[in-house]
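**Student:** pasting a predicted model and its sequence here:
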Amino acid sequence: MLYPLFLTFHLFAALIFIGTVFFEVLFLESIRKQLPAKVMLLVEEGIGRRARTLMPWVLLVLFGAGLGMVWLRYLPVLATPMASSFSTLLLLKIMVAVSVLLHFLAAILLFKSGRMNARYLHFIHGSVFCHMVVIVLLAKGMFYLTW
């Protein structure tokens, strides 16, 4: 009974996180060219403020539910990560997800220390966007790719 609950929380948190990253990278970047700099700054500040209050909770649910799923169902599979394509892809997915978490923690530290600038923000958003694409492909591949 717990696994379906963890899976549902994990999927909803992933939707929120991935949706936010996709919006920031695919929409916000193109809108930047169409709005005056002062307006864009206000938009970015508002979105950034909301993201900094919501995303820690989303990531807590995302990683907490993911850990719960691993604990309940996938721990034996991860004990031998090269034994099957599923276990290899799951391990890779977890490694990429940990990298996303490290990006998020780095962004928090940069914001708190006052060193966050547009270059860092652009790099982090682009990198996390690429990570998200890889995670989605790995998640689907776990169930459809075999070797």
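**Tutor:** Good, I have the coordinates.

**Student:** can you give me the helices in this protein?
**Tutor:** 2-22, 29-32, 37-69, 75-79, 85-113, 118-144 (DSSP state H).

**Student:** C-alpha coordinates for the shortest one, CSV please?
**Tutor:** In this case it means helix 29-32. What follows is helix 29-32 as a C-alpha-only set of coordinates in CSV (Å, rounded to 0.1, in the frame of the first residue of the first chain):
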residue,chain,number,x,y,z
GLU,A,29,14.2,33.0,-21.9
SER,A,30,12.2,33.8,-25.0
ILE,A,31,10.0,36.3,-23.2
ARG,A,32,13.1,38.1,-22.0
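
**Student:** show me what that helix is packed against.
**Tutor:** In terms of contact count using 3 or more CB pairs under 8 Å, 6 or more residues apart in numbering; DSSP states H and E, helix 29-32 is assigned the packing partners helix 37-69. Where C-beta positions appear, they are placed from N, C-alpha and C, glycine not excepted.

**Student:** again, only this time at 10 Å
**Tutor:** helix 37-69, helix 118-144 (3 or more CB pairs under 10 Å, 6 or more residues apart in numbering; DSSP states H and E).

**Student:** report the buried residues of the first one.
**Tutor:** By 16 or more other CB atoms under 10 Å, the buried positions in helix 37-69 come out as Glu44, Ala51, Met55, Val58, Leu59, Val61, Leu62, Phe63, Ala65, Gly66, Gly68, Met69.

**Student:** how about stretch 98-118?
**Tutor:** Within stretch 98-118, the residues that qualify as buried are Val100, His103, Phe104, Ala107, Met116, counting by 16+ other CB under 10 Å.

**Student:** ok, Val128 - contacts?
**Tutor:** Val128 makes contacts with Phe17, Ile18, Thr20, Val21, Glu24, Val25, Ser99, Val100, His103, Phe104, Ala107, as judged by CB atoms under 10 Å, 6 or more residues apart in numbering.

**Student:** closest to Ile94 out of the buried residues of helix 37-69?
**Tutor:** Gly66 (7.8 Å; CB to CB).

**Student:** next one: phi and psi at Thr80?
**Tutor:** The phi and psi values for Thr80, taken as degrees, to the nearest 10, are phi -130, psi 80.
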